[in-house]
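Trainee: Here is a sequence together with a model predicted from it:
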Amino acid sequence: MLNLLLIFVLQVVYIALNTLRIVFVVKNIMTLASLLGFLEMLVYVFGLGIVLNNPTLLGMIIYALGFAAGIYVGGYIEQKLAIGYITVSVNIPNKNYELIECLRNEGFGVTVFNGEGRDSIRYHLKILAKRSREEVLLKLIDDHEPRAFIISYEPRKFKGGFLLKVMKKRMKKQQTY
């Protein structure tokens with residue numbers, strides 16, 4: 001029975017590490033991805049060795065259940081880490097100055113565009129934010145403009161702009177402490 005529990009736990013850890021390693025590779029954080037890959041393979045070989053040492057149907061089912069649970073755990077951890085940035089495009093029917101000012105006061109960089117919709121002029125807000133602040137951003141938008149049409153996606157690369165200037169200033173302040 002202890003072997004079955006160990007197989008399950010090792011599979012959960014292995015797949016969670018696998019999920020995180022893939023995320024770090026995609027985000028180009030290669031040193032951490034390599035370290036996770038090393039740990040991932042240690043856990044994998046150890047767990048597979050236990051399963052192959054005493055191959056039973058129940059052991060293989062537990063191995064597969066651990067795999068499924070590991071996907072869930074790895075995804076959950078990745079969402080909590082919220083590494084990287086998001087770009088949020090918001091379409092609103094009116095130029096909502098209160099929303100725009102609120103977002104800027106909360107530290108979000110907001111660029112406003114005019115656009116021609118089917119029936120009228122619409123306003124398009126383009127916002128770059130840390131993924132860890134996505135829920136805060138979406139709540140502010142919903143509180144001020146419940147009819148907003150929102151699309152959120154992850155940019156691969158960016159350069160310059162308001163957010164990077166703010167981040168550089170914060171990094172300099174932290175280095176002086």
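Mentor: That came in fine, so what should we check first?

Trainee: which residues sit against stretch 73-85?
Mentor: 12, 15-20, 23-24, 27, 29, 128-132, 134, 154-155, 158, 163 (Cβ atoms under 8 Å, 6 or more residues apart in numbering). Heads up, the C-betas are built off the backbone N, CA and C, glycines and all.

Trainee: cool, and stretch 18-26?
Mentor: Residues contacting stretch 18-26 (Cβ under 8 Å, 6+ apart): 30, 32-33, 36-37, 40, 70-71, 74-75, 77-78, 81, 83.

Trainee: circling back to that earlier point, filter the contacts of stretch 73-85 down to the ones in helices?
Mentor: Among the contacts of stretch 73-85, the residues falling in helices (DSSP state H) are 12, 15-20, 23-24, 134, 163.

Trainee: May I see the PyMOL selection of the buried members of these?
Mentor: In PyMOL syntax, the buried subset of those is picked out as below (16 or more other Cβ atoms under 10 Å):
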select buried, resi 12+15+16+17+18+19+20+23+24+163
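
Trainee: give me the element residue 3 is part of.
Mentor: Element membership for residue 3, per DSSP states H and E: helix 2-26.

Trainee: How about residue 52?
Mentor: Assigned by DSSP H and E, residue 52 falls in helix 30-53.

Trainee: and if you look at residue 113?
Mentor: Short version: residue 113 belongs to strand 109-116, going by DSSP H and E.
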